[in-house]
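1. 3D model of this:
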Amino acid sequence: MEKKELVLKALLESEEPLRPGDVVEKTGLSKEDVDKAIKKLKDEGKIESPKRCYYQAKRA
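-> Next up, the predicted model:
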């Protein structure tokens, strides 16, 4: 599974918005990989930031 998909899966499974550090713990990826994946997902419109430094998957 691609790193970006792992990050999206972790955000989808969470009830609450997550910080990048929380995503690192859930996925086992490095902080740099999570930061890159979050940036790509945000640019694609798949995730949003409800408050500073927190991210959540956009719900359909």
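
2. which residue is nearest the middle of the protein?
-> In the chain, the residue lying closest to the centroid (C-alpha atoms, centre = their mean) is Val7, at 4.5 Å.

3. In contact with that residue: list those residues for me.
-> Remark: with contacts taken as C-beta atoms under 8 Å, 6 or more residues apart in numbering, Val7 is in contact with Val23, Thr27, Leu29, Val34, Ala37, Ile38, Leu41. From N, CA and C alone the C-beta is placed, and that goes for glycine too.

4. What is the nearest of those residues to Arg59?
-> Sorting these by distance to Arg59 puts Leu41 at the head of the list, at 14.1 Å, by C-beta to C-beta.

5. The closest one against Leu8, yeah?
-> Yes. With contact taken as C-beta atoms under 8 Å, Leu41 and Leu8 are classed as touching, separated by 5.9 Å.
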